[in-house]
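Chemist: generate coordinates for the sequence data below:
(one chain, ligands or ions: 3)
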Amino acid sequence: MTAATLDAVLNSYVRGGSGIRADIAATVHQLALAANKIRSTINQGALGKAFAGTRGTNTDGDVQKDLDVFADDIFLDAVRHAPVGLYASEELEQPVLLDKDASLALAIDPLDGSSNIDTNVSIGTIFSFLPATGAPDQNPAAPFFQTGTNQLGAGFFIYGPQLALVLSLGSGTHVFVQSARLGTFVQAYESRVIPARAHEFAINAANYRHWDEAVRLYVDDCMKGSEGPRERDFNMRWIASLVAECYRILMRGGVFLYPGDQRRRYGNGRLRLVYEANPIAYLIEQAGGAATDTVDRILEIPPQSLHQRVPLVFGSAREVARIARYHTDPSSIGERSPLFGNRGLFRA
Ligand SMILES: O=P(O)(O)OC[C@H]1O[C@](O)(COP(=O)(O)O)[C@@H](O)[C@@H]1O
Ligand SMILES: [Mg+2]
Ligand SMILES: [Mg+2]
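Modeler: Ligands and ions are numbered 1, 2, ... in the order given. Predicted structure coming up:
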């Protein structure tokens, strides 16, 4: 049996009366073409142009790499050929109005994991579809202030050993891989299910001293492994590439944390709500996982500004719930062995 191509799957959704909109299917098609162009540039590495050179800073104060700007140009050009009314990007201060009558808004992180460009580690592109509500010509930012629950779909491309597309249009989280033989994306996993129990956690442990007490206690307990209150060993991972961490968690479970911390400007962590946390949370929930700002569900947080940051925890549902309890009521999670002090924690 041959696996289905991306276009065949999208067409079957639209024709099959699944409620998937034709404008979204057409846009995913254009995004996939653009991702292939980005992939070609990345493949050339330092031999090509538009690679790891730096520009200035973006709206959030991050260093902007040539590839960030190049990717933004490619995706903006791609959606000019798609039925998208509004385009909001990490790299642009304000959304671009493309068509005031189109009913689709796209939020995008054109190049995620930019700090890894010159290290040959997987990077990606994250995107979110929202209804273009209101009067886009008068207030183009308004549609992007909807909560993540209103997303019509979300996904990311990962430029890794494989070029893959992780996509959800509201009924599961699907994975497509670019086939060199067929020259198109082909479905690799019809639907991912994240195991509820985690054996791996991902966090930038260099920030340990800046975290709040709850995050430190959680990580301490994981680090104690089978000799601590969790009574089992954990692996630690940190790729510093959100798409790569998310892909791993979709494949084998685990949990990711980028909490707020005490560093200047890091009170809400590093990741952006509209075009990073919301689409990732959508994909994770559609795969049976959970995503919070350490306590509250990401998808229910009303955005106050386009580029706002949010603490982000996501992955295996039981582990995400446990992390929330470390924040809200550590004593509610059971008695801790006297060996580990007086705060009580059951085995999860
Ligand atoms: O370098 P840090 O602080 O560990 O942060 C890594 C995080 O920053 C990011 O690179 C932010 O995304 P951008 O590269 O799009 O700004 C994430 O991919 C990653 O999870
Ligand atoms: Mg990013
Ligand atoms: Mg980026």
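Chemist: contacting residues around stretch 314-333?
Modeler: Stretch 314-333 is contacted by residues 194-198, 201, 214-215, 217-218, 246, 249, 253-257, 280-281, 284, 288-292, 294-295, 298, 313, 343-346, 348 when judged by CB atoms under 8 Å, 6 or more residues apart in numbering. Every C-beta, even on glycine, is put in place using the N, C-alpha and C of the backbone.
Chemist: can you pull up the bridge partners for the residue lying closest to Pro95 once chain neighbours are set aside?
Modeler: Distances taken as CB to CB, 6 or more residues apart in numbering place Ala88 nearest to Pro95, at 4.0 Å, with adjacent residues excluded. Counting by DSSP bridges, Ala88 is bridged to Ala107.
Chemist: my guess is Gly48 contacts Arg39. True?
Modeler: No. Gly48 lies out of contact with Arg39 (CB atoms under 8 Å); the separation is 11.7 Å.
Chemist: do you know how far the residue of the stretch 101-250 of the chain found nearest ligand 2 is from ligand 1?
Modeler: Among the residues of the stretch 101-250 of the chain, Asp112 lies nearest to ligand 2; the distance is 3.4 Å by CB to the ion. Going from Asp112 to ligand 1 by CB to the nearest ligand atom, to the nearest Å gives 4 Å.
Chemist: hang on, that residue packs against Val121?
Modeler: No. With contacts counted by CB under 8 Å, Asp112 stays clear of Val121, the gap being 11.6 Å.
Chemist: quick check: residues of this structure near ligand 1?
Modeler: Applying CB under 6 Å from any ligand atom, we find that the chain lies next to ligand 1 at 62, 90, 109, 112-115, 204, 240-242, 270.
Chemist: now those in a markdown table, with pLDDT?
Modeler: Shown next, in a markdown table, are the residues of the chain next to ligand 1 (pLDDT from 0 to 100):
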| residue | pLDDT |
| --- | --- |
| Asp62 | 73 |
| Glu90 | 97 |
| Asp109 | 98 |
| Asp112 | 97 |
| Gly113 | 95 |
| Ser114 | 90 |
| Ser115 | 88 |
| Asn204 | 98 |
| Ala240 | 97 |
| Ser241 | 98 |
| Leu242 | 98 |
| Arg270 | 98 |
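Chemist: among those residues, which are in strands?
Modeler: Mapping these onto strands (DSSP state E) picks out 109, 112.
Chemist: just send the residues of the chain next to ligand 1 back as JSON lines, with neighbour count too.
Modeler: As requested, those are exported to JSON lines (neighbours: other CB atoms under 10 Å):
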{"residue": "Asp62", "neighbour count": "15"}
{"residue": "Glu90", "neighbour count": "26"}
{"residue": "Asp109", "neighbour count": "29"}
{"residue": "Asp112", "neighbour count": "28"}
{"residue": "Gly113", "neighbour count": "23"}
{"residue": "Ser114", "neighbour count": "24"}
{"residue": "Ser115", "neighbour count": "14"}
{"residue": "Asn204", "neighbour count": "15"}
{"residue": "Ala240", "neighbour count": "14"}
{"residue": "Ser241", "neighbour count": "22"}
{"residue": "Leu242", "neighbour count": "25"}
{"residue": "Arg270", "neighbour count": "21"}
